[in-house]
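>>> Predicted model and sequence follow; I will ask about them next.
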Amino acid sequence: MPYTSKTAKTELHDIVSAGIAKNYPGSGISESDIYASMSVPKAEFGDLSSSICLRIAKVAGAKPQDVAERIIGDGQSSLGKGYIKELKNANGYINAFFDEKKYARDTLKSVMELKEGYGLSSMGGGKRVMIEFPSVNPNKAWHIGHLLNALIGDSISNILSACGYSVERENYIDDLGIQVAESLWGYLNLGNKPDKKFDTWLGEQYVSVNRMLSDEKVKKEIDALMKRMEEGGNEDSVKARELAERCVKANIETASAYRICHDVMMWESDIVRTGMLSEAMDMAVEKGAAARSDEGKYAGCIVVDLKKLKGIAKDFDNPNEESKVLIRSNGTATYVAKDLAFHMWKLGLLKGDFRYSKFLDSQYNGKPLYTTGSSGEDMEFGGAEIAINIIGSEQRYPQLILKSMFSLMGMRDLAEKLIHVAYGEISLKGGTLSGRSGGWMGSDHVYTADTLLADAKEKVIERAKESKKKVDAAEVADAVAVGAIRFAFLKTNLEKKIVFSWDEALSFEGNSGPYCMYTYARANSILERANVSSLAINEINFSYAERRYDFELIKAMGMAQEVVEKAAAEHRPDIIADYLIELSSGFSKFYESTKVIGSGEPERYRIAIVISLMQVLGNFMRLLGIEPVAKM
RNA sequence: GGGCAUGUGGCGCAACUUGGAUAGCGCAUCUGGCUUCGGACCAGAUGGUUGCGGGUUCAAAUCCCGUCAUGCCCGCCA
């Protein structure tokens, strides 16, 4: 991993920079060039390295070795003040070696003092971020694709919070969609009674109805239902909302089981009621981003002229269509229009007269969950500086249009603040997860988030029987199962499409959640045996720091802030997952090679490492929603 | 037709944004390690023309051009 402590980087930068200024003025090397040249090499090469001399050699017409020699020579006087105690020239690379005792002391001190705050960053500066996920149609149980979305959103929320952003987690509930209309029709006409978890049952009704859509009469009835739902204020619209709310309640049970939290749910039916849509359309027309079409194919519609988007993205260079419809000729709004209005509200352009009330008093994170509704109080949601949407990459084009609309309205700055975090959709081996076909209900297995968790728990309990320590399997099954699944879903780059494998998601070995949790539990055992839970810094003799596994582990702990900042900047939970493995495997090596209890004089120093490791590992596990347990 | 993404040992992935030392990790396979802080572990071995072809560079998995394969998107659906 190319991370290390920031102060050490600054230190090396200053030395190198001074050396260049003195010996190679005019070489055109900038500050960022120097930082970019740094990397963390293999341990044998040192703790931090710069390849900048290879570049300077070129412009200066000198040998890299000679360049490095001069810079290192001049740098000697700066050594010993900070972390860097020695510089070595290796074929033109400048390799810095830290004073391991000083570095160990500062890092462990920092961890033990800051505790839960260790690794946090203030880069967000309190900026308000509204992040939307998973926005599942409220008529079915979450399948593993929805779960993936929600886990990404929840984890990115945690990461952004850890970086000083003020995060608002929002779930959009499309209770006016065709899917709810179909489920409602089934509920009213099929005569089945709920006999299982409500969302699961409702999803089954939906699939049944879908198979009946070839019947024109059914289709007509559903269309009529949908229209009444949108109009509101009638028996069907009330029924639809009731149904959707029951489903959402069941969905939230799933979310809670996975420790996924939200701050607020925005219902489409409430959005429609606020009159935001017409306000948004008026603004779009006024700002010249959309216009009423009087003739031709789109007569009577409000459309966006796609030609105007030329240059904003390659997608628009040769568009298939000339226009994108916002308002249909019959006066109804398309998805893009609704989305535009909603995002204008998110970014503070529209007033949006929402009423909020509590849906849940307390979630896993201790905070309440609010919902919009016809009654309730005024609250300060929305008006965010940054709006992030967790949406599958198949929706890239509509998301791009949405973003581009802000540019068209002359608000390029807002366009920049609308971020689509795209992820590759998950698929099953030889199968689809398509909602319409009910693909999540495979013939041999039901691929819902609920069944996955149930299977995982079973496996954990089975595995816990073999555990060397006596553990109450039922007690930890929950945490370990969630940890296994969350890690498996979050460990890879979002862009990669995942072909879901049950076995892999439930993997307990190697690069897995349980491996991290196991590491934590082992560390905890040492403290229990030593009967220590905290140490005062002045009780620790850091002269026992060695250049071995102890120092490698301490260096890993020192990376924390850089890691979380990168994960936040790039919206990538997988960076945290990688880091957890780095910490865990670092500790395992230390653990196998180094005796802690009964090691005599170094014991307290080593215990300090164990305490710190647990702290850092725990802090970062929680970013991914993995709860460390003392025993497993 | 156009756009976007992906392609790295048998399998799953990392490193690519910011070019830099021997391409890193896990699974699988083979060898070794529990009377000693938890074997959900550790140590070691086998396995790679980084899809292919050009180019730029002292240096390319990384940048540029071309090409192939796979997936997704391009509606008065949501």
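On my side now, so go ahead. Residues are numbered from 1 along each chain as shown, chains lettered A, B, ... in the order given.
>>> from here on, contacts and neighbour counts on C-alpha atoms
Noted.
>>> Quick check: residues of the stretch 351-500 of chain A near RNA strand B?
The stretch 351-500 of chain A has residues A:393-398, A:424, A:460, A:463-464, A:466-469, A:480, A:491-493, A:495-499 near RNA strand B, with proximity defined as Cα under 7 Å from any atom of the strand.
>>> Give me the buried subset of the residues you listed.
A:393, A:424, A:460, A:464, A:480, A:491-492, A:498 (16 or more other Cα atoms under 10 Å).
>>> Which element, helix or strand, includes the spatially most central residue of chain A?
The geometric centre of chain A, computed from its C-alpha atoms, lies nearest to residue A:156 (Cα atoms, centre = their mean), at 2.5 Å. Element membership for residue A:156, per DSSP states H and E: helix A:144-162.
>>> ditto for residue A:130
Using DSSP H and E, the element containing residue A:130 is strand A:128-132.
>>> Mind checking the pLDDT average for that strand?
On average, the pLDDT along strand A:128-132 is 98.
>>> How are the strands of the stretch 501-632 of chain A distributed by residue range?
Read by DSSP state E, counting those that start in this stretch, the stretch 501-632 of chain A holds no strands at all.
>>> Okay, now the sheet partners of the strand holding residue A:130, with direction.
Using DSSP bridges, the strands paired with strand A:128-132 in its sheet are strand A:166-173 (parallel), strand A:386-392 (parallel).
>>> so can I have CSV of those showing mean neighbour count?
Output for those, formatted as CSV (neighbours: other Cα atoms under 10 Å):
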stretch, mean neighbour count
strand A:166-173, 22
strand A:386-392, 22
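>>> Those strands: which one's closest to residue A:551?
Closest of the strands paired with strand A:128-132 to residue A:551 is strand A:166-173, at 35.1 Å (criterion: Cα to Cα).
>>> Other residues contacting the following helix or strand past that closest one?
Next in sequence after strand A:166-173, counting helices and strands by DSSP H and E, comes helix A:178-189. Residues from elsewhere that reach helix A:178-189 (Cα atoms under 8 Å, 6 or more residues apart in numbering): A:137-139, A:202-203, A:205-206, A:208-210, A:221-223, A:225-226, A:229, A:239-240, A:243-244.
>>> What residues sit buried inside helix A:178-189?
For helix A:178-189, the buried set under the neighbour-count rule, 16+ other Cα under 10 Å, comprises A:178-187.
>>> do the same with stretch A:608-628
In stretch A:608-628, counting by 16+ other Cα under 10 Å, buried: A:608-621, A:623-628.
>>> can you narrow the buried residues of helix A:178-189 to ones near RNA strand B?
residue A:178.
>>> Go through the buried residues of helix A:178-189 and say which is closest to residue A:325.
Using Cα to Cα, residue A:178 comes nearest to residue A:325 of the buried residues of helix A:178-189, at 18.9 Å.
>>> Now do the closest one against residue A:330, distance only.
Distance, residue A:178 to residue A:330, using Cα to Cα, to the nearest Å: 17 Å.
>>> picking that back up, which one of the buried residues of helix A:178-189 sits closest to RNA strand B?
residue A:178 (6.0 Å; Cα to the nearest atom of the strand).
>>> Need phi/psi at the closest residue to residue A:48 other than its chain neighbours.
Nearest residue to residue A:48, sequence neighbours excluded (Cα to Cα, 6 or more residues apart in numbering): residue A:40, at 4.7 Å. Main-chain torsions, residue A:40, degrees, to the nearest 10: phi -100, psi 110.
>>> quick one on the thing from earlier: wait, doesn't the residue nearest to the centre of chain A sit right on residue A:568?
Yes. Assessed by Cα atoms under 8 Å, residue A:156 is found in contact with residue A:568 at 7.1 Å.
>>> Show the model's pLDDT score for the residue nearest to residue A:390 when sequence neighbours are not counted.
Nearest residue to residue A:390 in three dimensions, chain neighbours excluded: residue A:421, at 5.0 Å (Cα to Cα, 6+ apart). As predicted, residue A:421 sits at a pLDDT of 97.
>>> do the same with residue A:443
Residue A:443 carries a pLDDT score of 56 in this model.
>>> burial of residue A:287, as a residue count?
15 (other Cα atoms under 10 Å).
>>> wait, isn't it in contact with residue A:406?
No. Using Cα under 8 Å, residue A:287 makes no contact with residue A:406, being 9.8 Å away.
>>> before we move on, the earlier item: so the residue nearest to residue A:390 is in which element?
strand A:418-423.
>>> Direction included, what does that strand pair against?
Counting by DSSP bridges, strand A:418-423 is paired with strand A:386-392 (parallel).
>>> Give me the domain ranges for chain A.
A:4-98, A:133-428, A:448-623 (automatic domain parsing).
>>> For RNA strand B, what's the nearest residue on the stretch 101-250 of chain A?
Residue nearest to RNA strand B within the stretch 101-250 of chain A: residue A:177 (4.4 Å; Cα to the nearest atom of the strand).
>>> which residues touch that residue?
For residue A:177, the contact set (Cα under 8 Å, 6+ apart) comprises A:137, A:226.
>>> Kindly report the same for residue A:158.
Contact analysis of residue A:158 by Cα under 8 Å, 6+ apart lists A:623-624.
>>> do that again at 6 Å, thanks
Applying Cα atoms under 6 Å, 6 or more residues apart in numbering, we find residue A:158 in contact with residue A:623.
>>> Kindly report the same for residue A:573.
By Cα under 6 Å, 6+ apart, the contact set of residue A:573 is empty.
>>> mind checking how far it is from residue A:268?
Where residue A:268 is concerned, residue A:573 sits at a distance of 29 Å (Cα to Cα).
>>> Also residue A:188?
For residue A:188, the distance to residue A:268 equals 22 Å [Cα to Cα].
>>> Also residue A:58?
As judged by Cα to Cα, residue A:58 and residue A:268 stand 61 Å apart.
>>> which one of these two has more residues nearby?
When neighbours are counted by other Cα under 10 Å, residue A:58 and residue A:268 differ, and residue A:268 comes out ahead with 18 against 12.
>>> Hmm, the more buried one is touching residue A:174, no?
Yes. With contact defined as Cα atoms under 6 Å, residue A:268 and residue A:174 form a contacting pair (5.2 Å).
>>> rewinding a little: give the rounded mean pLDDT of the helix holding residue A:156.
Here helix A:144-162 scores 97 as its mean pLDDT.
>>> same deal with stretch A:275-288?
94.
>>> low-confidence ranges in chain A?
Where chain A drops to pLDDT under 70, the residues are A:1-2, A:430-432, A:434-445.
>>> How is residue A:88 assigned, secondary-structure-wise?
The three-state label given to residue A:88 by DSSP: H, G, I helix; E, B strand; the rest coil is strand.
>>> Find the residue closest to it in space, skipping its chain neighbours.
Closest to residue A:88 by Cα to Cα, 6+ apart is residue A:95, at 5.0 Å.
>>> Which of the helices or strands spans that neighbour?
strand A:93-98.
>>> Report whether that strand contacts RNA strand B.
Yes. Strand A:93-98 lies within reach of RNA strand B by Cα under 7 Å from any atom of the strand, at A:93-95.
>>> so after that strand, what's the next helix or strand?
Following strand A:93-98 in sequence, per DSSP H and E, is helix A:100-114.
>>> which of the residues in that next one are buried?
Neighbour-count burial for helix A:100-114 [16+ other Cα under 10 Å]: A:100-112.
>>> Filtering those by proximity to RNA strand B, which remain?
Checking those against RNA strand B (Cα under 7 Å from any atom of the strand), there are no matches.
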